[in-house]
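Participant: can you look at this prediction? I've put the sequence above it.
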Amino acid sequence: MGDITALLKELRGGNRSVEEQLLDAVYAHLKRLAARQLRAERPGHTLDPTALVHETYLRLVDEEIPWNDRAHFYAVAAQAMRRILVDYARSRIAERRGGRRERINLDDVILFTPERPDEFLILNEALERLDGLDRRQAAIVEMRFFGGLTEEEIAGVLHVSIRTVRREWRMAKAWLHGELRDLVVASESP
């Protein structure tokens, strides 16, 4: 863990030669996050965990981000994975030219599949609305769902107590459940 933070500091200092070492250090964790996101993906599909990790990593190292530490890196990686999956879901929807949205469960939406991109877009829309209401709650949801960060890691990234993270997570989850229900109902009406 300390090695990742040291490599990020080197990269932040302009030493691009550490990129390969950094990739080696974070690859396994990013691959687990991607695999969790794509658990229900059919074999041989173009968006597999390896492709998601590579796309995420490329986006991260191409940006000039002032990395703080390992948890900050994984929090930003969670955001990048979310954006990639949203873009992918939107392209799948465009290919199908519409499609009926179905009722979804907040706990199930993490199992993203190309056959159900609507669910991912509904979650993204709800997260964007939550971000407009409470940026910290939206960040907590994003870090937990997409980044797989622990409460302790999230608290460190946000510079708040673990108790605050737990309270905000409960509030955000309750709000999202109601919002997802409302969004699904709205999408089903003519």
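Facilitator: Structure's in. What do you need?
Participant: mind telling me which residue is nearest the centre of the chain?
Facilitator: With distances taken as Cα atoms, centre = their mean, residue 146 lies nearest the centre of the chain, 2.9 Å away.
Participant: what pLDDT does it get?
Facilitator: Residue 146 carries a pLDDT score of 76 in this model.
Participant: also residue 184?
Facilitator: Note on residue 184: pLDDT of 57.
Participant: for the strand or helix carrying residue 36, buried residues please.
Facilitator: Following DSSP states H and E, one finds residue 36 within helix 19-37. The neighbour-count check on helix 19-37 (16 or more other Cβ atoms under 10 Å) flags 22-23, 25-26, 29-30, 33-34, 37 as buried. (C-beta placed from N, C-alpha, C; glycine too.)
Participant: count of residues packed around residue 10?
Facilitator: Close neighbours of residue 10, defined as other Cβ atoms under 10 Å, add up to 17.
Participant: wait, what's in contact with the closest residue to it other than its chain neighbours?
Facilitator: Distances taken as Cβ to Cβ, 6 or more residues apart in numbering place residue 18 nearest to residue 10, at 4.5 Å, with adjacent residues excluded. Contacts for residue 18 (Cβ atoms under 8 Å, 6 or more residues apart in numbering) come out as 7, 10-11.
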